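Undergrad: Dropping a prediction and its sequence here:
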Amino acid sequence: MNAVVTQQTSVNTDIKALHDSLIAQHKALSDRLAVTTTADDAEAIVREMQEVNFRVMMSGSLLFKQTTAAIDTQLQSVVDASADLEKAIAQADRINDIIKATSKFLGLVDKVLDKIKLA
């Protein structure tokens, strides 16, 4: 049986942590864009920034949702994975490595956001 997920009267700190980590990823991509030297790489980074921004907005719209313990655990694992993505963005030699790392991270984000929305 599924646990009931309802609105709460204060910000859900676990969802807020996810929201903050997504904002940090957007900033890391923006920092990488600032040192990019080709138009193709800049375009690719901006596309990834748009993808991350969409998740920033989605998580922001869910800030007042109450979540289950299982979802909270999954939220924490996504927030923990955020640090790895920031390193990958800063250290990647090829733009494709940034795209792959961002896509993998956003896959985790999407799974947890879907659980929150559908619960």
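TA: Nice, I can see it.

Undergrad: Residue 30 against residue 46, yeah?
TA: No. Using Cβ atoms under 8 Å, residue 30 is not in contact with residue 46; the gap is 9.4 Å. Quick note: C-beta positions are derived from backbone N, CA and C, even for glycine.

Undergrad: tell me the average confidence for whichever strand or helix holds residue 114?
TA: Using DSSP states H and E, residue 114 maps to helix 95-118. Regarding helix 95-118, the rounded mean pLDDT is 94.

Undergrad: Sketch out the low-pLDDT regions of this structure for me.
TA: Scanning the chain for pLDDT under 70 picks out 1-8.

Undergrad: if you set the cut-off to 90 instead, what comes out?
TA: Along the chain, segments meeting pLDDT under 90 span 1-9, 83-84, 93, 118-119.

Undergrad: In it, mark out all the helices, start to finish.
TA: Secondary structure of the chain (DSSP state H): helices at 13-34, 39-61, 69-91, 95-118.

Undergrad: and the closest residue to residue 106 other than its chain neighbours, how many residues sit next to it?
TA: Distances taken as Cβ to Cβ, 6 or more residues apart in numbering place residue 51 nearest to residue 106, at 5.9 Å, with adjacent residues excluded. Using other Cβ atoms under 10 Å, residue 51 has 19 other residues around it.

Undergrad: Residue 51 reaches residue 102, doesn't it?
TA: Yes. Proximity of residue 51 to residue 102 meets the contact threshold set by Cβ under 8 Å, at 6.9 Å.
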